[in-house]
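# Could you work out the structure for the sequence below:
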Amino acid sequence: MAAYWNALFGGMLIGAAAMLLLLANGRVAGISGIAGCLLAGQRIVGNGAFVVGLLFGPLVFAAFSGSLPVMTVSTPWPLVLLAGLLVGLGTRMGSGCTSGHGIVGLARFSRRSIAATAMFLAGGLFTASLLELMR
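Okay, the predicted model is just below:
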């Protein structure tokens, strides 16, 4: 069980931050929407603070734990970039990203978010199963 404490605590912090943003500002904490508004020049201070917080999160982690999180990317960078573009396209087609639908949308019992999250999970399960079969 000790291996799951960091994930549990991190999930609780994400949920608390999403709840605080919704209660204090009436805004949904969907990363794609926040980043899109920031790139469009809307609500620069609030959206910028949110994105800066995401980017400096690992440094806060390092301050408390004494080291940066370990992350290894073994996939070639062109494939990573293609995957990122496809995720962006899916985000536009699905009217939001996993964070907006899965964290805030489900908490609000949004039908669209329930359907979107079910599709995210089904797509991930299908892809993981297909990749496992291809090994």
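# Helices along the protein, start to end?
5-25, 31-39, 44-65, 77-93, 98, 106-107, 111-134 (DSSP state H).
# Please identify the most buried of the ones you listed.
helix 98 (a mean of 20; mean count of other C-beta atoms under 10 Å). (C-beta placed from N, C-alpha, C; glycine too.)
# Show residues contacting that helix.
117, 120 (C-beta atoms under 8 Å, 6 or more residues apart in numbering).
# Apply 10 Å and report the result again.
If you take C-beta atoms under 10 Å, 6 or more residues apart in numbering as the criterion, helix 98 is touched by 30-32, 87, 90-91, 105, 116-117, 120-121, 124.
# Which one, of the helices of the chain, ends up nearest to residue 71?
helix 44-65 (8.8 Å; C-beta to C-beta).
# Touching that closest one from outside, list them.
Outside helix 44-65, the residues that touch it by C-beta under 10 Å, 6+ apart are 6, 10, 13, 17, 21, 25, 27, 29, 31, 33-41, 43, 67-69, 71.
# One more pass at 8 Å, please.
Outside helix 44-65, the residues that touch it by C-beta under 8 Å, 6+ apart are 21, 25, 27, 29, 31, 34-35, 37-38, 68-69.
# and that helix with helix 31-39, angle?
Going by axes from the mean of the first three to the mean of the last three C-alpha atoms, to 10 degrees, helix 44-65 is angled at 130 degrees with respect to helix 31-39.
# Report the separation between residue 124 and residue 4.
20 Å (C-beta to C-beta, to the nearest Å).
# next one: residue 101
Distance from residue 101 to residue 4, by C-beta to C-beta: 24 Å.
# Please identify which of those two sits among more neighbours.
Using other C-beta atoms under 10 Å as the criterion, residue 101 and residue 4 rank with residue 101 on top: 26 against 9.
# isn't that one right next to residue 118, touching?
No - between residue 101 and residue 118 there is no contact under C-beta atoms under 8 Å: 9.7 Å.
# Out of the helices and strands in this protein, which is least certain?
Lowest by mean pLDDT, DSSP states H and E among the helices and strands of the chain is helix 98, with a mean of 81.
# That concludes my questions; thank you for your assistance.
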